[in-house]
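J.: Okay, predicted coordinates and the sequence, questions at the end:
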Amino acid sequence: MENSEASQTNDSLGSYYASRRAPAVINYNGSDREIGRVFAEYKDKLVIIDGEDKKEHEYLISKSRVDRFGDNQVYFNIAENSLKEFEF
């Protein structure tokens, strides 16, 4: 039962933050760094785009990598040097 509740929470999370273009944030050298905004969800992943007018980076990050969320921001448990593996 808990797994289905967690799954529903993750599904709601993606829709909520995508509809609000919420900032996606990682921890970089002890401080928060915005890597883009949540634009959509695709299956079990969130689509993050850096630069709305000129797309500089696009990331496809699994919802399971969400560390926490709040204050209209999504925080990911991803190291700065690992971001390349999520680019598409």
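T.: On my side now, so go ahead.
J.: Tally up the residues packed near Glu56, please.
T.: Neighbour count of Glu56, defined by other Cβ atoms under 10 Å: 9. Any C-beta I mention is one placed from the backbone N, CA and C, and that applies to glycine too.
J.: same question, Gln73
T.: Counted with other Cβ under 10 Å, the neighbours of Gln73 add up to 17.
J.: same thing with Glu58?
T.: Using other Cβ under 10 Å, Glu58 has 15 neighbouring residues.
J.: surely it meets Lys45?
T.: No - shown here, Glu58 and Lys45 do not form a contact pair, counting by Cβ atoms under 8 Å, at 11.8 Å.
J.: Now do stretch 23-43: distance from first to last residue.
T.: End-to-end distance of stretch 23-43 (Cα to Cα, to the nearest Å): 20 Å.
J.: whoops, stretch 79-88 was the one
T.: OK, stretch 79-88 end separation, Cα to Cα: 17 Å.
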